[in-house]
Structures are given as C-alpha cells and as structure tokens.
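In: What would the 3D arrangement of this be:
(chains A and B)
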Amino acid sequence: MQTGFVRKLFKIKLKFTFMLIALVAAGRLFAQTDCEKKLTGKVLDINTEEPLPFATVKVVGSEYGVVSDSEGNFILTNICADEVDLEAQFLGYKKATHHHDFYKSDNVEMSHTFYLSPEENVLESIVVEGDKIVGDMQSMSVAKIGRSKLETEITGSLASALRNIQGVTFTSAGSNVQLPVIHGLYGNRILIINNGVKHGFQNWGTDHAPEIDISSADNISVLKGAAGVRYGPEALGGVVLVEGNPLKLSQKMYGSVTSGYQTNGRGYHANAQLGEGRKNFSYHFGGNYVKIGDRDARDYALTNTGMEERSANLGFRYHLPKWDFEVYYSYVDQELGLLRQSVAETGELFARYVAAPQPDSLFFRDFSYEIDEPKQNTTHHLAKLEIEWHTDIGDFILLLSQQVNLRKEFDVRRSAELPIIDLQLNTTDTRLEWYHPSLGGLQGTVGLQYFSQNNDNNPGTNTTAFIPNYNTDRVSIYAIENIQTGKNTYEFGLRLDHEFNSARGRERNQNIFTNEFSFTNFTASLGLVRDLSAKWQLRSNLGSAWRTPNMAELYSFGQHGFKVEYGLWRYYANEDGEFRTDRVLTEDDNAGKPERGYKLINELDYLEGERRFTVTAYANYIDNFIFDRPLAVIGFLWGPAPAYIFDQSDALFTGVDLTYSNAITKRVIGTFGASYIWSRNLERSEPLINQPPITVNAELSWETPSFLGLDFSKLTLLTSYTFQQFQAPRTITADQLISGEVEINASSEIFDFKDVPDAYFLGNVRWEWRSGRLGGQFEVRNILNTSYRDYLNEMRLFADDLGRNFLFTLNYKF
Amino acid sequence: MKNFKNYLLIGLLGMGFILTSCGDDDEVPAEENDPEVITDVTLVFTNTMDASDVVRASAQDPDDLGVQELMILDEITLTSGATYTLTFEILNALDPADVEDVGEEILDEDDEHQIFFSFTDGAFTSPMGDGNFDNPADPINYEDEDSMAQDGSGNPVGLETTWTAGNTLTDGFFTARLKHQPDQKTATSDIDVGEDDFNLMFVLNIE
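Out: As a prediction, the model looks like this:
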C-alpha cells in the first residue's frame, strides 16, 4: 500500500509537470541522494569581524568535523544526512549551533557565517545563513534592508523605511499615511508581500497606506522589476517583500525590549520580542505600541497629525524530517490623524488654504495627542498556515492565508462622528508551489494560486457608498525556470491569470447598479544574469505585468477629504465634449481598460572588497496607465469644489539609479546615491502628475574607536538633496477656475492646483552604540530645521513638512 | 506515522480546495440617507401688501455631486418701494419619484443653521447696507429665531426675512448663504463658522 501510494502520488506529480509546462525532460529526476552534500562558511569574531582561524566546525551527533583555515573559512564535504546541526567552537568563545536543511537550499551551496562571541561577552554567538535568493527573480534588481537597519526606523512607516533605496521613494498624505513608490509607480502597481502573502488592503489613492508594522519584520526586500509572473498581477512597478522572523531551529531563547522617544510630536514607543528554537520546533512573538501627538513643521504646529498604533504577531514552526509546518498571525490596529487643514468644505476655502503660506490660525491648537477628524481607523488581521514537504522530487509548499481588513475614515463634515467610509475587506490567498529539482539543468518553480477578495460597505455612514461592494476571484497558474550555462544564468517565466469580478453599488439617488466582468491574461518574464568577471556582474530582465483597474478607480463617486472624485466608469464626455456623470459605465464603454506594463531593467554591479558600484537603468511602458488628476472646480449648491477624475493614458517611465560605496579608511565608509526618472504621458504628449523628482544623497559612517567601554559605536551623517520636479504639469489655481479666468474642458492640458515645491536639502545625524546587552540610538532628523514641502506628499498643498526631530531609542537584548 | 502524514497531506490539499470553492455573495451596499442633500432652492418673495404679488427665483443642481454645474434659473426682479417677505423652498429631488422637503430638516435643527445675506450696497431701504457677510451684526430683518432660546430671545435663522426694495437697480446681486454651524452657532457666529449648505448668488433688479 505504501509503495502503491507513492507511485500514485508520483504519477500525479508527473502529470502535473506535463500539464503545466510540458517539460519534457528525462533524466535526473532523483537528484543528489547520496553523500555528496557540501557546506561552506566562515567563522568570525562578533565584535571585530576578524576571522578566527583553527576554529572547529562539526556536525552534531557525528565524529565529522573540520578546522577553519587562516581566513576563517571552512568546507564540510561528503555529508549524507538531509538535515544537520552544525556547531562552531573556538577557545575562549561561546559556541554557536545552526540547523541546516539541505533540501531547502535546493542544490545551492549555502554559505554560513558564524559570528562567535567571546566568553566574557554578554551577547550570544550568532549564525547568518548566506545569501538567500529572493524569490526566483535573480535577474531582477533587488535591494534588501536587514533587521539592524529596520531597528533605526522602528516608529516609521514601511514606506519611509525604504526611502534610502535608490529609485524608491514614497508618496503620502501627511506623516502617517505613506506608500512606497518604485520608479515612479505606487499604490496597486507595487505588490506588498507580507510574510509570503499579498497584503490585502484598500489599496487605492495616496491616502491608504499598507497596515504593516515594520517592527515585526526581520528584513524587507524590494524587487524593482515587473515581477508579475512570480507574485501575481499588479506588480507593474515592483514588489516589496516583508519577511517575518525566520523561526530558526536550535536557537537559545532570545528576546529584546526596545523603547524610545521623539521630540517632534512627543512620540513614544515600546516593543518587545521573544523567541526560541528547539530541535523540532521554534516560536516567536512580538508586540509593539506607538503613540505620537501633533507634529511640528519648522514654523508652526501641524494640527491633528498624531497617530496611535498597536500591533502583535506570533509565529510557530514545527519541524519533522522532510516536513515543516508554520503558523503565523499578525494584528495591526491604527488610528491615524490627517492634517486638519486638508479638509476644506468649499472651493473658496480650498483656494484660500492652498494659497496661504501657512495653515489658517483658526486650526491652531495647543499640543495634543487627541486625534480628531479627519482621521482613519484601521485594523488588519493576517493568519497563515504554510506546509512544506521536502521530497526526492522537489519541495512542495502549500500556503493558506486569510486576511481581514477593517477601515473607517472620518471627514470633517456634518455627522462627523459617523465614518464617511466604512469597509470590510476579506482576502483569501491559497497557493500550491512545487520547487522541482534539476531537470536537465533546468530548475524552478511551478505554482497554482487562488486569490479571492470580498469587499463590503458597512451600513451607517449617512453617505452613499463611495466604492461598491465587490468580489474578485482569480485563479492563476505559473512557472518560473532558470538554467545555468557557464557564466550565464537564463531565467524565464510564464503566468496565466483568469479573474472574475462582480460589483454592486448605489448611485446618489440610491438606485442600485451591478456589473460582472472578467479578464484572462498572460504574463511573461525573461532574464539573464552574467558574471562578466570576478568583480562585475550584469543582470537584465524584461518582464510584463498587468492589472485590472481597482474598484475605486472604476467606481469612485463623491466627496471625501477636499476632493470630489469620479472613477473611470462614473464620468464620460458627451457629443459636445462636456463631462457628464448621469450614468454608470461598463466594460462596453471605451473606458476602464486593464493596465499592461512592459519593464526592461538592467543592472551592472561591481564589487571588490569594500568598494561597490551599482548602476540600474530601466524603461517601463504602460498601456492604459491610470492616474488621478484635477479636473476642474465645479459649482455645487454649497459653492464651488475641486473635482478630480481617474484618467487613463499610455505612459513611459525611464530612469537611472546609481550607488557607489567605498571604505575611505578602515573605519569610515562613504556612500553616494542618485536617482533620476523621466516620465511622460505619450498619448497626450504632456507630463504626468506626482512623479518623483531627481534626488541625490550622500552618507558617511564612522565606526568610532572604543570609548566609555562601549562594544560598538557608529556615527552616521546622512544628507540628501531633492531637486525641484521639472516635469510637473502647469499650475492653475482654484481661484482662477472659480472666477472663470481659465476654462477647462475634456481636451484641456493637465494641470495642478499648486506650483511644485522648491528644491531642498536635508541632513540627518545618527549615533548607534552597544555595550553588552544594552544598545541605543540617538538621531537628529532634519538637523538644519529646513522648512520644505515634498512634491509627493498630498499635504504639500496645505502645509510644510516636518521640522527638526530628536529621536532616542534604548534597546535591551538577551 | 507515514500513513498519518499521507492522510494529513490529502486533508490539507482538500482544505485548500474547499477554500477554493468561492463564496460569492450578492450583497448590495445598504441604502444611505445622505442628510440634507439639496438639489433645488427657490427664494419666494411675497409682497406684504399684496399676497398675489409673488417673485420666485430658483437655483438647481441637477445631479447633486455630479459634474453638472449649479444652474441659477431666474433673476430676482422686485418693485421699488414694495416690502416683501422672503421664504425658502428647499428640496432634495435626486429621486424624482420621492422629492424630500429639506426645509423641514433645517427647521428641526434651527439651532445649527443660519442664512446670511449679501447684496448690492444700498439696494434696499430696509435693511440698509450690503448685508451681514462681513459683519454678522449688520442689519438684516430676521423674522424668526431658533428654538433653543434660553431667555426667550433666540438667534436668527433666516428662513423668514423682510425686505423693502430701494431705488431702481439693474444687474445688482443678491446672495443667500445657508450655513450649518453645529454646536457653533451663537449670536456672534459669522459667515466663516461652519460649512455651507448652499451659497447662491442671483442677479437683482429693482424696477
């Protein structure tokens, strides 16, 4: 029965292979069974990072061990077991153990770095598993932020933590609501994968940020290419991968407590983490609390810009030989204040607020932690079960996840105590993936995905639903393969998606409208990694991606914040070229078509010792690019109000990112970076709106000699210069529109309500230190107290950005 | 043990497929009663000496939050020297089959509402001046007061006012602006307090 079952299963798997990608490959289906496995690594001193020669590295439970060479390197060969516990020892140092699963590394030689801690040191020794491949997209430009960098950003948003990556910036609606922008694209063109699961949230507009607590992340990677094949539709601009605690086995109990204070907004935060890895299981949990009050620009207070966040996460992994079970749950609850000034009831007030050099004194209040309208309350739950099965015919991963996203938004309005938007979004993401072993040199993944979202408006808003209730169901099948020949690694991927949508909404007169529509789409990706020499590497990727317009982009209708907004299917131009909104459009009208993007990205990487140089050049052409833009100031009974529409046009984005870093002395490292992006609405030969300006930045870090008995001390100076955006649309003020001085119709050139802000220079200084278990950080942001406005911050219409901020953090690790 | 694992795998795969069988619904967003959506406002000037002498001037927003502009349908033409009582018809006609009288809602919340006026300086002999936009204490002949009056002298509402037309005038203006001032309305609350419910500027002629 046993063998019968296996045979049957094997048959199914085989069928699977043929069905999915028709891979005809006889040969080595059963790979590396014997004692050919190999492990390499390095043993270093945790403090000095100097190599430790003649350290012993052995396989626990066996007689087998080796001794590191003069550079600290070791090689363990002829290992038979599928999984081993490694142990590194050196006289006078604490020993370190590490659990390694061969089948997880899939033929790749894994390099391990053992950082041993001296006996007298309170810190434990640690082990870092070498360069893990991010996804399967080796040919794509990838930037990674590790745990230690994230710790310096603990109260910040996900987007702000990514801002130091070239080509990545953020768009925002004030300090609390920030979304990552990759090469000019944001929102639902950037996929956010949280712990392996697509973050299911109200991903539309610039005022809905992902509800992800970065203190729960172990590391964050950014893929700057169109990775739609691997991660699903919508990844036109790139992917942000948030990885949680890796839940390693064989780890002594570890934990940390962190707390801090910041002067701007008188914010404080507390964070606690605890985890342990035993022989066959591992667990981790953490909690985080942040509270910030009204913040300050250089010259005035920014009323109602406080926030409060509570979050918790827990993970559990159970390990059997060849099996891994992982359960993960996270919870985030946020209350986010928006600048009071940003809601103007009428166009005249809007015109006045936008024109005023600083917010109206009417809105000033004494410092307060109070969060009034306008504000957003969101709660996000994520639960995931992941099962990995490692077999002779590859690894199978089944991932089941469920997310619930609750969002309430409050405007300054009549019945302000009622939310104007009250939505519940349930997301189910189910995936089955097969990481198959080498088939004639071909390695890769084949996957099946079912993704489903159900969005409902909760009653009681006293406002016609801004977006409809909807259901989206998508079934996808994909394969990503790579093959290595000499110095080249070729990569290719294919994906087929079928998506079904059903929408049910109400017009302002409470009439019901419904629509059902579906899309089928192919996505492809082609990549190359070439080692030009020992120091130079070239990565090149051509990828396509697509996405259906978001329901908000199709169906938005109504007033929210300072805007009256119309979705793609809620307006049209009649025969006379006049805008009309008296009917709800469908897919039969010439509007609301899916976006299709084609992105070519090339990266050249030079690495020699401490010197590293990376240049990334890209071009992204997007068919039917959807964007939100001012339409006009429209007269309503209560007076004129600024109206915005979602519009669609063919667009091109192209640019270059540059990074250069080098050790100036042994202790001083300098980094220089720049990013440039050029974008254009090709169809209408006019600029796009809200595109990132050119930025350059320079960083100098100095690891100071030991003083005051500190184990570690580093001083970093970070500076950046942001140019004025030269590709912005023309400016037409609300006043000019209200007075009729300028008239706008369907064919008018794009405009914005305010001039682009001036260029600005920002400087930050940061000092990090550690003494045994205790560590800390002192940072001054905007040290020159520059008053500036960020072009990508919607609140730039009304007020300056944040002034100087002193941040103190204290951290205890055990 | 091995059998157990096989069953486990089958069970989990099964679970995946159960989740896959989609649970679509056809729930529609609940009907929401947008408070005081105003689509039509008519100013009704009735000659106090002659109830049959009625001057009506209307403004209409045909699609509420839609892109169609507010339409001022009439000019106001009054007779020099005559005295009029001004009242309002305020409607929500988004659904033609169910036209609501929003005036009643405003009356119910009269302690939160006030209509302010602005007009060509000296157009009326009573009230004098140019209205109370610039200064809430400027003369307007309010004939009503809100129900929240503590000592019997409440604050004006403006749903009923009187006007005596002055000398002849062509292409003057007359603006009526209804403010909603929840918890903010006082004897001194001015045009900058609260939000606009309507803000309508008509052409004023006096013959």
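
In: Report the contact partners of the most centrally placed residue in chain A.
Out: Nearest to the mean C-alpha position of chain A, by CA atoms, centre = their mean, lies residue A:240 at 3.1 Å. Contact analysis of residue A:240 by CB atoms under 8 Å, 6 or more residues apart in numbering or on different chains lists A:158, A:162, A:180, A:182, A:190-193, A:220-223. The way it works is simple: take the backbone N, C-alpha and C, and place the C-beta from them, glycine included.

In: Note down every partner strand of the one helix or strand it maps to and its orientation.
Out: Element membership of residue A:240 [criterion: DSSP states H and E] is strand A:238-243. Strand A:238-243 has its sheet partners listed here by DSSP bridges as strand A:190-194 (parallel), strand A:219-223 (antiparallel).

In: now those strands as a markdown table including mean pLDDT?
Out: Output for the strands paired with strand A:238-243, formatted as a markdown table (pLDDT from 0 to 100):
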| stretch | mean pLDDT |
| --- | --- |
| strand A:190-194 | 91 |
| strand A:219-223 | 88 |
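
In: from those strands, which stretch is densest packed?
Out: strand A:190-194 (a mean of 25; mean count of other CB atoms under 10 Å in any protein chain shown).

In: Can you name the next helix or strand after that one?
Out: strand A:197-198.

In: Which elements pack onto the helix or strand where residue A:546 lies?
Out: Residue A:546 belongs to strand A:536-547 when assigned by DSSP H and E. Contacts defined by 3 or more CB pairs under 8 Å, 6 or more residues apart in numbering or on different chains; DSSP states H and E place strand A:536-547 against helix A:228-231, strand A:488-506, strand A:512-531, strand A:595-608.

In: can you tell if the next helix or strand after it touches chain B?
Out: The C-terminal neighbour of strand A:536-547 among helices and strands, as given by DSSP H and E, is helix A:551-555. No. Helix A:551-555 lies apart from chain B when judged by CB under 8 Å from any CB of the partner chain; the minimum separation is 10.9 Å.

In: Just give me the neighbour total for the residue nearest to residue A:76 when sequence neighbours are not counted.
Out: Leaving aside its sequence neighbours, residue A:76 sits nearest to residue A:39 (CB to CB, 6 or more residues apart in numbering or on different chains; 4.4 Å). Other residues near residue A:39 come to 22 when the count uses other CB atoms under 10 Å in any protein chain shown.

In: Pretty sure residue A:39 sits in a strand.
Out: Yes. Judged by DSSP: H, G, I helix; E, B strand; the rest coil, residue A:39 forms part of a strand.

In: Could you count how many residues lie near residue 196?
Out: If you meant another chain, say so; for now it's chain A. Neighbour tally, residue A:196, other CB under 10 Å: 18.

In: Chain B was what I was after
Out: When neighbours are counted by other CB under 10 Å, residue B:196 comes out with 21.

In: Identify the bridge partners of it.
Out: Note on residue B:196: beta-bridge partners residue B:179, judged by DSSP bridges.

In: Do I have it right that it meets residue B:179?
Out: Yes. The pair residue B:196 / residue B:179 is scored as a contact, 6.3 Å apart, by CB atoms under 8 Å.
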